[in-house]
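# have a look at this prediction, sequence included:
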Amino acid sequence: MAKRAIVIGAGFSGLSAATALASKGFDVTVLEKHSGPGGRARQFSASGYTFDMGPSWYWMPDVFETYFAWYGRKPSDYYHLHRLDPSYYIYWGKDDYTPIPAGVEALEAMFEREDPGSGKRLRKFLKEAEYKYEVGINSLVYKPGRKLSELLEWELIKGVFKLDVFKSISKHVRKVTKSPRLIQMMEFPVLFLGALPGNTPALYSLMNYADMALGTWFPQGGMYEIVKAMEQLAKEQGVKFMFNAPVDGFEFSGNAIKTVICGEQRYEADVVVSSADYHFTETKLLPERFRNYSASYWEKRVMAPSSLIYYIGIKGELKNLAHHNLFFDESLDVHAEEIYTRPSWPEKPLFYVSVTTKTDASGAPAGCENVFILIPVAAGLEDNQDVRDRYYAMVMDRLEKHTGQEIRSRVDYLRSYAYADFVSDYNSYRGNAYGLANTLLQTANLKPSCKNKKVANLYYAGQLTVPGPGVPPALISGKVIAEEIYKDFS
Ligand SMILES: Cc1cc2nc3c(=O)[nH]c(=O)nc-3n(C[C@H](O)[C@H](O)[C@H](O)COP(=O)(O)OP(=O)(O)OC[C@H]3O[C@@H](n4cnc5c(N)ncnc54)[C@H](O)[C@@H]3O)c2cc1C
């Protein structure tokens, strides 16, 4: 008889784990607390607008190609991708923005114009980043992080200096250019991943390679198309889904889970993967004797930022904005400190604006725009309506001023989303949006383990374990854990 696997959560990592397990012959049931799949990447519709709730940057298209190829499929079997050009705009102030072109040649020329000589140095930087991407994405991220010996492969030892694990990305970037604008552009990808550039290993310049060389893409219909594709693929492999099914706990036989409890329902299990937030699984679903980590362990973790988000429908066209827009018109250093060093509501935050209707009209009624605004904020800050209203006013003031148009009077739909919503929707630890910060001490084997060491048949997937936050790592996380289970059970 096929072994019964229960997967808790239908976000990217849960979908990935469930599909991989089913493809290996497990009888898989996914239990998801929401009414549909997607987790942090869910979608909602209101007043004629359709909003992607979380991820909006489709980076590392090769990881998605690989994912679907595991099952003999291609992303294009399910959705249609566009490469964005410009990849994004960076706003520095009123009427002052840089469209970031797609493609390395155009970027080198842009660097050269801003800081003569830096174009050539960028080429070298990207060559090194390509190596890190190859080793990082094709090898390191597939390590389950259970044994140190995993890191003792000859290729990794040989490459350890080329991988720049012990140098900061901040120093690394400054070898390319002294231009403050170009530096900000090169540091932004790691900021959004979590942690200060000064504390992030230069290994993560692989994110610059993803940004600059591999490009920014968008699936027609929105990011939720990826979720739909993965759900369909999971079903094709035989995965069963139970929605509106919040898991409350487990029944044990000795040191193994026998039954997963979900309200009145009981699901027998030979193996369980929890892709719900790791901290929630440990502290709310497991009795103390079965937890991997203590309360003080969690208190010491550095979290990636939480987010304050506004989903906005706008009547009429928005000018001077691209699909992705970064507002770097205030100090990045001060905002980064307010996230990581002295967590507090930021005085003058940087923010990000996505207008998906610049690429895909389907997200809004005819002649209207679909807008998503995100302010990265420290994890764990209590929010309330006053705070949300204050930041809305602040961001709108700057958006209207810098892009030279009236926006507030045209708002047709508005919803905000922050700390309290992350906690209630995803059982998120300290309201984190993207899991743990990618510091050196929270990388690879130093992340919370993907296997519970005290419960024989409990595994973890998702952004708080290996390999880390982001959609591509979540896809990989599910696959890695399925491979571990397959090995352990055979
Ligand atoms: C605002 C935002 C913007 C982002 N932008 C990007 C981006 O542009 N590009 C990118 O690559 N990444 C981005 N990310 C990160 C990326 O979305 C996440 O890393 C990824 O979606 C996490 O997937 P996951 O499976 O680990 O977790 P989740 O998506 O949180 O999935 C966990 C699932 O478990 C369910 N669950 C929780 N508790 C229970 C329970 N008790 N019983 C049953 N089910 C339960 C939840 O409902 C959820 O569906 C963003 C994230 C956010 C929040």
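Sure, I can see it.
# going forward, measure contacts and count neighbours with C-alpha atoms only.
Noted.
# does Ala213 touch Ala106 like I think?
No. Proximity of Ala213 to Ala106 does not meet the contact threshold set by CA atoms under 8 Å, at 10.6 Å.
# so between the two, which is more surrounded?
In terms of neighbours (other CA atoms under 10 Å), Ala213 is the more surrounded of Ala213 and Ala106; the figures are 19 against 14.
# correct me if wrong, but that one is in a helix.
Yes. With DSSP: H, G, I helix; E, B strand; the rest coil as the criterion, Ala213 is located in a helix.
# give the contact list for it.
103-104, 126 (CA atoms under 8 Å, 6 or more residues apart in numbering).
# need the residues of the stretch 1-150 of the chain near the ligand, please.
Of all the residues in the stretch 1-150 of the chain, those in contact range of the ligand (CA under 6 Å from any ligand atom) are 8-14, 31-34, 38-41, 54-58.
# which ones among these are found in helices?
Among those, the residues falling in helices (DSSP state H) are 12-14.
# any idea which helix is longest in this protein?
Determined from DSSP H, the single longest helix within the chain is helix 118-138.
# just checking, what packs against it?
Contacting helix 118-138 under the criterion 3 or more CA pairs under 8 Å, 6 or more residues apart in numbering; DSSP states H and E are the following elements: helix 104-114, helix 206-208.
# okay, these, which one's buried deepest?
Among the helices and strands packed on helix 118-138, the stretch with the highest mean neighbour count (mean count of other CA atoms under 10 Å) is helix 206-208, at a mean of 24.
# what mean pLDDT does stretch 296-303 get?
Throughout stretch 296-303, pLDDT has a mean value of 93.
# now check that stretch, is it near the ligand?
No. Stretch 296-303 is not in contact with the ligand by CA under 6 Å from any ligand atom; minimum separation 12.5 Å.
# rewinding a little: between the contacts of Ala213, which is closest to the ligand?
Distance to the ligand across the contacts of Ala213 (CA to the nearest ligand atom) is lowest for Gly103, with 19.4 Å.
# just the CA trace of stretch 241-261, in PDB.
Backbone C-alpha positions of stretch 241-261 (Å, rounded to 0.1, in the frame of the first residue of the first chain) are rendered in PDB as follows:
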ATOM      1  CA  PHE A 241      -6.500  18.900  -1.700                       C
ATOM      2  CA  MET A 242      -8.600  19.800   1.400                       C
ATOM      3  CA  PHE A 243      -9.200  23.500   1.700                       C
ATOM      4  CA  ASN A 244     -10.700  25.400   4.700                       C
ATOM      5  CA  ALA A 245      -8.800  22.800   6.600                       C
ATOM      6  CA  PRO A 246      -6.700  24.400   9.400                       C
ATOM      7  CA  VAL A 247      -4.500  21.800  11.200                       C
ATOM      8  CA  ASP A 248      -4.800  22.100  15.000                       C
ATOM      9  CA  GLY A 249      -2.400  19.400  16.200                       C
ATOM     10  CA  PHE A 250      -1.200  15.800  16.000                       C
ATOM     11  CA  GLU A 251      -1.800  12.400  17.700                       C
ATOM     12  CA  PHE A 252       1.300  10.400  18.300                       C
ATOM     13  CA  SER A 253       2.300   6.800  18.500                       C
ATOM     14  CA  GLY A 254       5.600   6.800  20.400                       C
ATOM     15  CA  ASN A 255       7.800   9.400  18.700                       C
ATOM     16  CA  ALA A 256       5.900   9.400  15.400                       C
ATOM     17  CA  ILE A 257       2.800  11.300  14.300                       C
ATOM     18  CA  LYS A 258      -0.100   8.900  13.700                       C
ATOM     19  CA  THR A 259      -2.900  11.300  13.000                       C
ATOM     20  CA  VAL A 260      -3.100  14.900  11.900                       C
ATOM     21  CA  ILE A 261      -6.000  16.700  13.600                       C
END
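# is it anywhere near the ligand?
Yes. Remark: stretch 241-261 sits within contact range of the ligand at 245-248, by CA under 6 Å from any ligand atom.
# which of the residues you listed has the most neighbours?
Per-residue neighbour counts (other CA under 10 Å) across the residues of stretch 241-261 next to the ligand peak at Val247, which has 22 neighbours.
# against Arg266, how distant is that one?
As for Val247, its distance to Arg266 is 10 Å (criterion: CA to CA, to the nearest Å).
# next one: Ile183
When Ile183 is compared with Arg266 (using CA to CA), they lie 54 Å apart.
# for Arg113, same thing?
Using CA to CA, one gets 64 Å for the distance from Arg113 to Arg266.
# pLDDT weak spots in the stretch 151-300 of the chain?
151-157, 192-193 (pLDDT under 70).
# around the ligand, pick out the residues from it.
245-248, 275-276.
# repeat that for 5 Å
Taking CA under 5 Å from any ligand atom as the criterion, the stretch 151-300 of the chain approaches the ligand at residues 246-247, 276.
# including secondary structure, could those residues go into TSV?
Below are these laid out as TSV (three-state DSSP):
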residue	secondary structure
Pro246	coil
Val247	coil
Ala276	coil
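# what's near enough to touch whatever residue of the stretch 251-400 of the chain ends up closest to the ligand?
Using CA to the nearest ligand atom, the point where the stretch 251-400 of the chain gets nearest to the ligand is Ala276, with a distance of 3.8 Å. Contacts were defined as CA under 8 Å, 6+ apart; by that measure Ala276 touches 8-9, 426-427, 461-462.
# kindly report the same for Thr439.
By CA under 8 Å, 6+ apart, the contact set of Thr439 is 195, 199-201.
# do Ala269 as well
By CA under 8 Å, 6+ apart, the contact list for Ala269 reads 3-6, 257-260.
# at 10 Å instead, please
Residues in contact with Ala269, defined by CA atoms under 10 Å, 6 or more residues apart in numbering, are 3-7, 27-29, 250, 256-260, 457.
# for PyMOL, write the selection for the buried entries among the residues you listed.
Only the buried members of the contacts of Ala269 enter the following PyMOL selection, criterion being 16 or more other CA atoms under 10 Å:
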select buried, resi 4+5+6+7+27+28+29+250+256+257+258+259+260+457
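# and the contacts of Ala269, which is closest to Gly222?
Of all the contacts of Ala269, the one sitting nearest Gly222 is Val7; the distance, using CA to CA, is 25.6 Å.
# tell me what the closest one is bridged to.
Note on Val7: beta-bridge partners by DSSP bridges are Val30, Val273.
# what is the burial count for the nearest residue to Lys401 once chain neighbours are set aside?
Spatial nearest neighbour of Lys401, chain neighbours left out: Lys94 (6.3 Å); criterion: CA to CA, 6 or more residues apart in numbering. Here the neighbour count serves as a burial measure; for Lys94 (other CA under 10 Å) it reads 14.
# the helices in the stretch 351-490 of the chain, which residues?
If DSSP state H, counting those that start in this stretch is used as the criterion, the helices of the stretch 351-490 of the chain fall at 385-403, 419-426, 471-489.
# would TSV of these with mean pLDDT be doable?
Output for the helices of the stretch 351-490 of the chain, formatted as TSV (pLDDT from 0 to 100):
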stretch	mean pLDDT
helix 385-403	98
helix 419-426	97
helix 471-489	96
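# among those, which comes closest to Tyr78?
Minimum separation from Tyr78 across the helices of the stretch 351-490 of the chain (CA to CA) falls at helix 471-489, 16.3 Å.
# ok, His324 - contacts?
Counting by CA under 10 Å, 6+ apart, His324 makes contact with 56-57, 84, 86-90, 99, 216, 352-356, 358, 372.
# I misspoke; the intended subject was Leu350.
Applying CA under 10 Å, 6+ apart, we find Leu350 in contact with 326-332, 334-336, 374-377, 395.
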